[in-house]
Each structure stands twice: as structure tokens, then as C-alpha cells.
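Asker: Just need the structure, nothing else, for what follows:
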Amino acid sequence: MMRRLCLRLVCLLTAALLTGCAGTTQIKDEKNPDCLKRNSRGLLHAAESFAPSVVLTETTPAEVSDIFSDLLRCRADLFWLSPDYHYEAQGKTVRVFFSYRMEQAQAEHTAQQLKQRADEIISSVSASLPVVERTRLLHDRLIASVCYETGGSDMPLFDALMTGRANCEGYARALQYLLMRAGISAYYVTGDADGPHAWLMVQDENGTWAHVDPTFDDIVCTDGTSFGSYAYFWLNDRDISRTHTLSDTGIPYPAADTESYPGMVHAGDPDTFAQTARTALTQSSAHGNGAAEILFSKGVNENTLSLLDQAVMQAAESFGVTVARRVTSKNSRIISYAIKTVQ
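Answerer: A predicted model of the protein is given here:
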């Protein structure tokens with residue numbers, strides 16, 4: 001009997017050591033898909049419990065940074081967890097000490113607000129649709145409800161979903177959170193796209209990854225109106241690399257070797273603009289997003305724009321649509337035309 005009691009005490013003490021506390025309530029989201037690597041799970045359980053620290057075994061101090069980064073990139077819902085931490089190491093056993101942005105009671109209240117808002121957005125998106133289509137619908141709904149602004153707070157997810165104003169981190173984190181609530185894996189990535197930038201890599205039901213940048217797909221016109229784009233939706237590594245460069249974080253990114261979503265037409269020489277315009281309008285009609293988009297390999301001068309305008313206007317007549325305006329998106333190599341169907 002005494003031996004059994006001692007064993008039980010050892011188990012309880014071990015559990016307390018691994019989480020930093022015992023019996024603490026977790027802020028846990030059962031809908032989140034699994035995309036964590038080894039040892040990130042120990043960090044996750046501790047962070048959900050607001051534990052002060054966690055012990056990682058078979059881990060070197062050099063690996064802690066990658067493990068912590070992996071956790072933050074995989075989980076948009078851990079908004080209360082600060083990226084700041086410190087650790088104590090002895091051999092291959094490391095105790096990581098957390099820093100939290102808020103008290104647990106506030107985090108629980110905010111988490112409930114976010115879940116309610118997210119579930120309102122995804123409620124009519126059928127789970128039977130392919131992942132790419134569910135992602136597209138959530139991408140569209142997010143863009144329709146958020147306005148871009150620079151700056152932002154240390155709560156970008158809350159900014160996007162609850163206030164409707166966010167920077168690129170807010171767009172990416174909000175879409176990641178919506179996808180996670182829908183049971184879709186999404187990985188938050190950072191890099192450069194005419195400046196520091198953030199977007200997502202999303203995994204489909206076959207395990208294939210693709211890039212999705214909701215910020216660059218929210219095109220704002222000079223008159224203040226906006227419309228959604230698919231120029232940066234579901235791209236492979238080759239196509240995203242035309243405008244985006246991933247940061248070298250030391251953690252291998254998943255390969256995005258999928259076929260890119262047909263949201264944008266690549267422009268050739270001016271003598272092919274007529275065909276380019278027809279293809280762009282065909283895709284615009286198929287997607288119903290009100291935008292015809294054309295990507296150039298380099299900057300576009302006024303003479304080239306004039307020739308492209310003529311080609312698009314002529315093609316629009318044969319399609320029975322009108323070109324409301326030409327806009328330049330956040331990347332100057334992409335030319336977008338707002339399209340309206342003739343009544």
C-alpha cells in the first residue's frame with residue numbers, strides 16, 4: 001500500500017513539473033487541427049494552462065527557439081502567449097519560463113468572444129466542400145469584413161475579427177484562426193514582399209500545402225472602395241516567389257508544390273495582350289469576384305498600361321461587361337481591373 005502511494009505521489013509531482021502547476025484549467029480549442037512538431041506539444045499544454053514554466057526533455061537549448069517558434073506559427077489561438085521567454089538548462093533537459101500578455105480570466109473572456117465571432121463567419125461554409133473551396137470562402141469573408149491599416153496592437157487577431165481593422169499580421173492570423181476553427185491546418189509565415197510581410201501556408205486534405213496572402217488580396221481603390229482578389233490565393237512556391245520571399249527562420253517550411261489557383265493571368269508581350277485580356281475576363285467571370293488581374297514580370301510603364309487598357313476594354317465588350325476602373329494593387333507588377341456586369 002505504501003509503495004503504491006509513493007508511486008502515485010511521484011506521478012503527481014512529475015505532472016506538476018512538466019506543466020509548472022497541477023490541476024490548472026486549460027483554455028483549449030478542440031477544433032484546432034494538429035500541425036505541431038515534436039516537443040511543441042509540451043509547450044502547448046502548458047501555455048493553455050497558463051503554467052509559469054514547462055520542462056522539455058531530450059531537448060537542447062539550441063532547439064528551444066525553433067520549438068517555441070513552431071508553436072506560435074501553428075497556433076493563432078494562443079494570443080495570450082508572449083514570444084518572450086527564458087530558460088534554464090541541464091544537459092538535454094530544459095525548463096522554459098513563459099511570459100503572458102494578460103491574465104487568464106481576460107484570456108478566457110477574449111477567447112470566447114473570438115470563438116463566437118469566428119463561428120458566425122464559418123457557420124454557412126459546408127464541411128463537405130474541398131479544403132481549397134472552404135479556404136476560398138473564408139478568405140473572401142475575411143476580406144469583406146476587414147480594412148487594412150498600418151501599425152496595430154499586440155492583439156492582431158482581435159483587431160481583425162473584432163474591430164475590422166488590421167495590418168498584415170492581423171489578416172493572416174484571422175484567416176488562420178478561421179481555418180483552424182473549420183478544422184484546416186494553416187501555418188503562419190513571414191518574409192518580404194516590398195517590405196516585411198506575413199501570410200499563410202494552408203494544407204489541403206491530401207497533405208499538400210499552398211500559399212495564401214489575404215492582405216494582398218484585399219485591393220483598395222483610390223476612391224476608398226475595395227474588392228477581393230485571388231491573385232495571391234492558393235499559390236505554389238514558384239508563383240509566390242515572384243513577389244514574396246520567405247524569411248530564413250532555421251525551420252524548414254513545408255513545400256508548396258500544388259497547382260496554383262487560376263486567379264491571375266501572367267502577361268506576355270504587348271502583341272499577346274488581347275488573349276491575356278480574354279483569359280483574365282474568363283477567370284473573373286468564373287470566380288465571380290469582380291476583378292480581372294494580370295501579373296507582369298517587372299514594373300509597367302504608362303505606354304504598356306495604355307495598350308493593356310485598350311485590350312481589356314475591347315475584350316470586355318465581347319464579354320458583356322464593363323470595366324469600372326483600373327487599380328494598382330499593393331504590388332505594382334499586378335494590374336487589376338474592377339469588372340461590372342452590364343445590366
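Asker: where along the stretch 151-300 of the chain do the helices fall?
Answerer: Using DSSP state H, counting those that start in this stretch, the helices of the stretch 151-300 of the chain run over 156-158, 168-181, 237-240, 273-287.
Asker: Indicate which one of those helices is closest to residue 230.
Answerer: Across these, residue 230 has its closest neighbour in helix 273-287 (5.9 Å, C-beta to C-beta). C-beta here means a position set from N, CA and C on the backbone, and glycine is covered the same way.
Asker: Just the residues contacting that closest one, thanks.
Answerer: Identification of contacts with helix 273-287 by C-beta atoms under 8 Å, 6 or more residues apart in numbering yields 230, 262-265, 267-268, 290-294, 307-308, 310-312, 314-316, 318-319, 321, 337, 339.
Asker: which among those residues end up buried?
Answerer: Buried subset of those (neighbour count, 16 or more other C-beta atoms under 10 Å): 230, 263-265, 267, 290-294, 308, 311-312, 315-316, 319, 321, 337, 339.
Asker: one step back: how about the helices of the stretch 151-300 of the chain in a markdown table, adding mean pLDDT?
Answerer: Compiled in a markdown table, the helices of the stretch 151-300 of the chain are given as follows (pLDDT from 0 to 100):
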| stretch | mean pLDDT |
| --- | --- |
| helix 156-158 | 96 |
| helix 168-181 | 97 |
| helix 237-240 | 92 |
| helix 273-287 | 81 |
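Asker: for those helices, which one ends up most surrounded?
Answerer: Scoring the helices of the stretch 151-300 of the chain by mean neighbour count under mean count of other C-beta atoms under 10 Å gives helix 168-181 as the most buried, with a mean of 26.
Asker: Run the chain-centre distance for it.
Answerer: Distance, stretch centre to chain centre, for helix 168-181: 5 Å (C-alpha atoms, centre = their mean, to the nearest Å).
Asker: What is that helix packed up against?
Answerer: On a contact count with 3 or more C-beta pairs under 8 Å, 6 or more residues apart in numbering; DSSP states H and E, helix 168-181 meets helix 104-122, helix 131-145, helix 156-158, strand 186-192, strand 196-203.
Asker: need the next SSE after the helix or strand of the chain with the lowest mean pLDDT, C-terminal direction.
Answerer: Using mean pLDDT, DSSP states H and E, helix 2-19 stands out as the lowest-scoring helix or strand of the chain, at a mean of 32. Downstream of helix 2-19, the first helix or strand assigned by DSSP states H and E is helix 40-48.
Asker: mind checking which of the helices of the stretch 151-300 of the chain is nearest residue 196?
Answerer: Taking C-beta to C-beta, helix 168-181 is the member of these nearest to residue 196, at 8.3 Å.
Asker: Just the CA trace of the closest one, in PDB.
Answerer: Only the C-alpha atoms of helix 168-181 are listed here, as PDB (Å, rounded to 0.1, in the frame of the first residue of the first chain):
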ATOM      1  CA  CYS A 168      -0.900  42.000 -42.500                       C
ATOM      2  CA  GLU A 169      -0.300  40.000 -39.300                       C
ATOM      3  CA  GLY A 170      -3.900  40.600 -38.300                       C
ATOM      4  CA  TYR A 171      -5.200  39.400 -41.800                       C
ATOM      5  CA  ALA A 172      -3.000  36.300 -41.600                       C
ATOM      6  CA  ARG A 173      -3.800  35.400 -38.000                       C
ATOM      7  CA  ALA A 174      -7.500  36.000 -38.500                       C
ATOM      8  CA  LEU A 175      -7.700  33.700 -41.600                       C
ATOM      9  CA  GLN A 176      -5.500  31.100 -39.700                       C
ATOM     10  CA  TYR A 177      -7.900  31.200 -36.800                       C
ATOM     11  CA  LEU A 178     -11.000  30.800 -39.100                       C
ATOM     12  CA  LEU A 179      -9.300  27.900 -40.800                       C
ATOM     13  CA  MET A 180      -8.400  26.300 -37.500                       C
ATOM     14  CA  ARG A 181     -12.000  26.600 -36.300                       C
END
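Asker: okay, the angle between it and helix 104-122?
Answerer: Helix 168-181 runs at 80 degrees relative to helix 104-122, counting by axes from the mean of the first three to the mean of the last three C-alpha atoms, to 10 degrees.
Asker: Tell me what angle helix 168-181 forms with strand 196-203.
Answerer: Relative orientation of helix 168-181 versus strand 196-203 (the same axes, to 10 degrees): 10 degrees.
Asker: re earlier: for the helices and strands packed on helix 168-181, which one sits closest to residue 66?
Answerer: strand 186-192 (13.8 Å).
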